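>>> no sequence on hand, only this structure:
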């Protein structure tokens, strides 16, 4: 049996077999035999996918794949990314739009609710980014952590939970983006300006800076995905 959690093995199985929405999956017993695990572990894994709304159990019928783009949770996108199942072009556009809405709203609240500890967290992140940059190392994960710190300053747990799922689902894309020349320096400069605007409580300036930052990020996202799909 692979070390990978069973629910991720199930997602790979669905991907590799090219199941379509409303198509019936093998039974719990068959899946347990296929992955060489107990039925109890298989049942737990199926419960995870059911909670993500990727599958559904139909009484006296079996297990079916759901229409993910209308009912699936954001955690599905993150789990799929974890097994190397990239988002579709439609999902990419929707994810970028979702990020913009989430971060704009979080920034509004952060300008009002930020604490000294929130600003300190952003400062520590920026210091780590500059140290990594001097060594020529990637700041892909640190960049995500800055945005999470900014969203955390809104002090709304559900905004932060959604942001965690978003950043998990785009981890590989960030690595590609931050491998390009000049991205690290631009990101650090943008983050510093956003930090300063939030510390000053300037909502209008914060919105302007985040909009510009995300517009550039969206361009890099589209370029990177285009390259990946053509290779």
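Yep, it's here. Values in this document were obtained by computation on a predicted structure and should not be read as measured data. Numbers count the residues shown, from 1 in each chain.

>>> centroid-nearest residue for the protein?
Closest residue to the average C-alpha location of the chain: residue 166 at 2.4 Å, with CA atoms, centre = their mean.

>>> and it, what pLDDT?
Residue 166 carries a pLDDT value of 90.

>>> who touches the closest residue to residue 154 other than its chain neighbours in this structure?
Using CB to CB, 6 or more residues apart in numbering and skipping residues adjacent in sequence, the residue nearest residue 154 is residue 109, 3.6 Å away. Quick note: C-beta positions are derived from backbone N, CA and C, even for glycine. Counting by CB atoms under 8 Å, 6 or more residues apart in numbering, residue 109 makes contact with 153, 154, 155, 156, 159.

>>> is the residue of the chain most remote from its centre in a helix, a strand, or coil?
Here the centre of the chain is the reference, and by CA atoms, centre = their mean the most remote residue is residue 60, at 35.6 Å. Per DSSP: H, G, I helix; E, B strand; the rest coil, the local secondary structure of residue 60 is coil.

>>> and it, what pLDDT?
86.

>>> check residue 148 too.
pLDDT, read off for residue 148, is 97.

>>> any idea how many residues pack against residue 30?
Residue 30 has 11 neighbours, counted by other CB atoms under 10 Å.

>>> need the pLDDT of it.
pLDDT at residue 30 comes out at 95.

>>> coming back round to it: could you find the closest non-adjacent residue to the residue nearest to the centre of the chain?
Of all residues not flanking residue 166 in the chain, residue 99 sits nearest, at 5.8 Å (CB to CB, 6+ apart).

>>> repeat for residue 183
Distances taken as CB to CB, 6+ apart place residue 177 nearest to residue 183, at 6.0 Å, with adjacent residues excluded.

>>> from residue 106, how far out is that neighbour?
Plainly put, residue 177 is 21 Å away from residue 106 if you go by CB to CB, to the nearest Å.

>>> higher neighbour count, the two?
Taking neighbours as other CB under 10 Å, residue 177 and residue 106 compare with residue 106 leading, 25 against 19.

>>> give me the element residue 108 is part of.
Taking DSSP states H and E as the definition, one finds residue 108 inside helix 89-113.

>>> quick one: average pLDDT of that helix?
For helix 89-113, mean pLDDT is 92.

>>> next one: that helix to chain centre, how far?
Offset of helix 89-113 from its chain centre (CA atoms, centre = their mean, to the nearest Å): 12 Å.
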